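Visitor: 3D model of this:
(3 chains)
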Amino acid sequence: MTGAARFDASTPEEAIAAWVESCPPTPDGRAAVAALLAEQHPLYAGRSTNETARIRGYALAAFERIGLPDQAWPCVLNELQNGDEAYLVAAAAKALRGASSPAAVAFAAPFLAMARDNIRYADAPLTFDTYTPRRPATRGTTAAEEIGRTVAWLGDVGCCDAPAPPSSATRAIAPAGVTLEDQDGARMPFGSFFSGKPSVVAFFYSRCDNVRKCSLTVTRLAALQRALDARGLAGRVRLSAITYDPGFDGPARLASYGRERGVAFGEDVRFFRVPAGFDDVRAAFDLGVNYAGAIVNRHRIELYVLDRRGRVAASFTHLAWNEGEVVECLERVLRTPSWLGAARASAAGAASVLVVLLPKCPLCLGAYASALGMAGLQLAPYRSWLLPAAIVLVLAHLLMMARRARRTRRLLPLCVSAAGTLALVAGAIAWEQPVLAGAGAALTIAGAVMNAMPRLARRPGQGFDAGSVKPTTWRITPSLFVRM
Amino acid sequence: MKTDVAINGGTSSATNYVTWSPSPAEIWLSNPDGATAPVNVTLRNQRPGVGGQVVFSTDPAAAGSDELRLDLPPAGTRVRFHVAGKFPHASTADRDAAVEVVETATGAQLSLTRLMVRIRKDANVLTPGERDRFVSAFATLNNAGMGRFSIFRDMHRGSSYYEAHGNAGFLSWHRAYLLDLERELQDIDASVALPYWRFDAPAPNLFHGEFLGESDRFGTVTFASSNPIQYWRTDGGQGITRSTLFDQRADAAFVLSEAETLDYGITYLAFQQMEVDPHGNAHTSFSGWLENPATSPKDPVFFLLHCNVDRLWAKWQQANSRFDQLELETYPYQGSAGGPGATRVGHNRLDTMWPWNGVTGSGNPTNRPPTAPGGGLAPSAIVQAPALKPTVGEMIDWQGRQAPVSRMGFDYDDVSFRP
Amino acid sequence: MTDENRRSFEQQVRASVSKYRPRPDEGGLESARGFAPSADERALRVARNKKAAAAERVAALHAAAPSLRNDEAFVLLLLELAGDTTESPELRAGVLRLLRQLRFSSVVLNENRARYIETLRPIMDDPDPTLREDAIGMLAQAKDEYVQTRLVDSLTSDTALGAPLEKTIQFLGYDIHAAQFPALRRMAQSGPTAEARREAVRLLASDPESKDVLRDILRDKREDQQVRRASANAYMALDPVGFEQEARAIVADEGEDSDVRAASLSALAHFAHPSARDAELNDYVDALEKRDLPKPLGEAVRTYKRRRGSD
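Guide: As a prediction, this is how the structure comes out:
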């Protein structure tokens, strides 16, 4: 199944729609359509807000036919909870009906109620029968009707647990050379604010016209500030928001937007724009945003909790977060000593390297024996059972790497280690070529080290990378998910 | 010998603003100059017939008079009295009125306290000075899109619409909205009062390049090149989009007349129909921003339109003695949201009003909006009412007729304190 | 229907509304609900009567609106009349204005937004220009994606939309997310009329990528003064510091258009950082005051001096 990765800003929207229509109701088909929903997908770059909404809505609506995959949950629930565009809300309601059964999505009932309220005065005549309806078409459906159909389809089912979506933690690395400008016009390097203390960074822009997104995000940031003050945590954490719209949201506008919503600025509470190099910040966080020229055409709700070293400890994306959850997360980060966090991050990589360095062949053992002999130590003589054990260890190592590659979608480290293993086995056992065996060992180690290191740079649309941060787990609260 | 006068609880110029409602004041001998017996003094207007005029009384329930005689103890004990604007003699400039205190026996002037009788007036008859000060303050509040005017714009968007419309609290909410804006303007220039657009009469001086602009044939408003409102900006966009369906020079808007409006009925339930006509008709006598609820407050004329709506309510209140918020005829939804017989939250007498109460909700139609920009109502230097998180009912007694402490510091040029 | 026709029609409507309001003896004025149902029924009979004069029918609807604003049948009747191509343009325009009025106070109309949009979309292509422009404006205010698509198409291709170019650009301003800034930049630089260029400039105030274009228009002495003044406003939004420098240069240029000079001085007086009102500028303004100036420039000088006193 050819993926959505081949689409870009120049792909005609009708072609994308035709491709959606051709996607089969298979896991690959569902995954392929779900990939279209990432706000940062390159296909949305340069498209108008309306075109972006049409494409996303058509993709969401397609899940009714092909089935609803786990990867689509955040977008579906976001439209129901926060959406104010009838086409997208209707599409999300339709998407729910693609679930395997009503019981499987019973937890979405409160979201449907929210959507019904949100769209009450914002509905419109719509159709999903075709991507480009004959205009001005008579009505096919409305958002309220689609919500009603889904409520009826759900029937009287009890609640259930939400499926665990794939881990989606990203790791932020201080974009090199990026300077921030705050609401008072003061400038500082990116890393200087986002290290030393745990911090919160939300993204917004002042021209966002959905009050449940940016306006509410900043209002809640002010509430978070008050909650932290009440718990005596002011001064121990930093709060910030960065604008998606640095060309328009200058310092005065940042200050005005924050103050109007109750934010009290100070040393540890600032709003920023990135006057130059915002693309590096976008890449570092893998922000869910896209643009038509300088105007945001789509963005998601997103807030990140960073640890003292500026690494992402938790992300809250797509759905509304509340102050209590973020405070809990910050308290946990505060309780984690900085050395432990570093140790955890190193441990995963160290484990891979350790497996590689274990002796797996007579040559390796001979090498160790020689090295240790130089140190004055003696090893037990070579035992014949060590060779099969070494082969098993090597294969286990490759299997672990394969599983990780599937999760992180990074194949290069696995390929390098596999090639190294082949060379090692061929050189050490089959052909008895020490040089080949040595090269194989080196490649195997290199693959393990690459696997342990985080992605250094990423462009939008290249998917998520779990990096070395622990995977996301989900916990349902009455109205939203929390990603921990 | 010298006297000092404190108006509205202060001696600084910031408190020397009065309306038709009596303002509390005090006078005392600050320099008795050897007097051992009470000194009889006369309080009067320094320049009768010139500028704003005031009246004096010792009892706020009594009619004021042009002069007041008081005995002042030599020890400097403060003596209370009340001062109010003399209807209909409002000021036309800051501090153009003055309370002169003279020793009754000798006529020697003991003090002169400059003040302003600050009244909301018909925009079409403002003096050039009044007009220019208002325009300048309003442009400063907007500050080319960067000023606090954006809060007022954000209060009146689609997501919060039913906090203020379509139900009984419409008039109270807008009275608070205008008062909040007016006080912000007065922080910029204390001499400014919000004028009203009398929409059932022609207003050629209002729709003029030197005031709130004249529409060209495409509905873009043009201004004199010295008028700072030309830099008006909202939602990141520039200028004002407005054209009138009526002749701006010669016609009124397509609305019920004032007499017909006041004739809706003697109860609030009947009178609140004015939300449809003349209020709705005033809005839709334009095309452009004013005709659409979500964009109407982007146009500064919106506030003058609503000032007239409020003035009509004030006139109706006066004609029917509707100042007691506890009367059903004055306000039909007693109690608070969720109680017996209650209506939507924000429209019951005891409900505090969004956004000043800071209460947010899920934003569904029967709940509060998700955000509440701007904080509480702007305070005033001259009055303590309403509370900074006002209730629907508190907005009713704007003149303090039920309780003097309820007066809110504004009045209209044709609505007196005493009928 | 021309503007004068419409004005005359609305005046006739206004003159007739009182005929259909409840009479004092109908006793409905004091009740909480169903104000004078007999008056409402009388009004609706007139409104539905195709043989009655259009002004009378619309007046009757106006009279019934305060009490029937949340009656679904009344709202649907209005939508039906607005969309009925067998009715006269005057009646339909009058009903459209009443629908706009009820947007302010009718929960039921706003709950029927889908039907409202459905009714308006075909009117965008009505033979009557007033109806077309009304419908396009109402849909643009509703941020309807169909009208936005048509507005953008009419700017970027030869697809005609039944409204003047200047209004088309203006309607796009209801939603900056719908604007096509590259097309608007071209329009601002080379649009066929000064008003079209000015409307494009107004929208470019939202586009940081248009900063340089706006500055160049402000500097262009051959351009119409209203376009240059609009550019001043837009450029100031995007580059306040750059604008201050341009404004100072314009004020000091004796060969400049006096309206543009006055507008620049007014901006410096009200919106510039106080440091921009420095000794050099103050001295220049003092010297200007002594001369015989065109009225707007003289006003701007006086305002500048008054504001300077409060720095």
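Visitor: what values do phi and psi take at A:Ala313?
Guide: phi -100, psi -30 (degrees, to the nearest 10).
Visitor: contacts only, for it.
Guide: Counting by CB atoms under 8 Å, 6 or more residues apart in numbering or on different chains, A:Ala313 touches A:Pro198, A:Val305, A:Leu306, A:Asp307, A:Cys329, A:Arg332, A:Val333, A:Val469. The C-beta positions use only the backbone N, C-alpha and C, and glycine is treated the same way.
Visitor: figure out how far stretch A:187-200 is from the centre of its chain.
Guide: With CA atoms, centre = their mean, to the nearest Å as the basis, stretch A:187-200 stands 21 Å off its chain's centre.
Visitor: quick one: mean pLDDT over the one helix or strand A:Ala439 maps to.
Guide: Under DSSP states H and E, the secondary-structure element containing A:Ala439 is helix A:434-452. For helix A:434-452, the mean pLDDT works out to 78.
Visitor: next, the buried residues of it.
Guide: Neighbour counts using 16 or more other CB atoms under 10 Å in any protein chain shown place A:436-441, A:443-452 of helix A:434-452 among the buried residues.
Visitor: tell me the one among the residues you listed nearest to chain C.
Guide: A:Met450 (39.7 Å; CB to the nearest CB).
Visitor: can you list the residues of chain A near chain B?
Guide: Within chain A, the positions near chain B by CB under 8 Å from any CB of the partner chain are A:114, A:117-118, A:120-122, A:206-207, A:211-212, A:215-216, A:219, A:248, A:252-253, A:256, A:260-262.
Visitor: since we're on the closest residue to A:Asp268 other than its chain neighbours, how many residues are nearby?
Guide: Closest residue to A:Asp268 apart from its sequence neighbours, by CB to CB, 6 or more residues apart in numbering or on different chains: A:Arg238 at 4.5 Å. When neighbours are defined as other CB atoms under 10 Å in any protein chain shown, A:Arg238 has 20 of them.
Visitor: do A:Gly324 as well
Guide: 13.
Visitor: would you agree it is in contact with A:Ala230?
Guide: No - using CB atoms under 8 Å as the test, A:Gly324 is too far from A:Ala230 to be in contact (11.3 Å).
Visitor: can you pull the pLDDT of the residue nearest to A:Asp268?
Guide: Confidence score, pLDDT, at A:Arg238: 97.
Visitor: so who does it touch?
Guide: A:Phe193, A:Phe194, A:Lys197, A:Pro198, A:Ser199, A:Val200, A:Asp268, A:Val269, A:Arg270.
Visitor: are we agreed that it is in a strand?
Guide: Yes - when DSSP: H, G, I helix; E, B strand; the rest coil is applied, A:Arg238 is found to be in a strand.
Visitor: re the thing from before, out of the residues of chain A next to chain B, which end up buried?
Guide: A:114, A:118, A:120-122, A:206-207, A:211-212, A:215-216, A:219, A:248, A:252-253, A:256, A:260-262.
Visitor: which of the contacts of A:Ala313 ranks first by neighbour count?
Guide: Going by other CB under 10 Å, A:Leu306 tops the contacts of A:Ala313 with 27 neighbours.
Visitor: and residue 104, how many neighbours?
Guide: You didn't say which chain, so I picked chain A. Count around A:Ala104 with other CB under 10 Å applied: 16.
Visitor: that's the other chain; I wanted chain C
Guide: 25.
Visitor: any idea how far B:Ser296 is from it?
Guide: 8 Å (CB to CB, to the nearest Å).
Visitor: what do these two both touch?
Guide: By CB under 8 Å, 6+ apart, the residues touching both C:Phe104 and B:Ser296 are B:His283.
Visitor: and the closest residue to A:His299 other than its chain neighbours, how far is that from A:Ala241?
Guide: In space, and not counting its chain neighbours, A:His299 is closest to A:Val289: 4.0 Å by CB to CB, 6+ apart. Separation of A:Val289 from A:Ala241 (CB to CB): 14 Å.
Visitor: between these two, who's got more neighbours?
Guide: Taking neighbours as other CB under 10 Å, A:Val289 and A:Ala241 compare with A:Ala241 leading, 25 against 21.
Visitor: tell me how far the residue of chain A found nearest chain C lies from A:Val274.
Guide: Proximity of chain A to chain C (CB to the nearest CB) peaks at A:Gly247, 2.8 Å away. Distance, A:Gly247 to A:Val274, using CB to CB: 10 Å.
Visitor: which of the two has more neighbours?
Guide: A direct count of neighbours by other CB under 10 Å for A:Gly247 and A:Val274 places A:Val274 higher, at 20 against 17.
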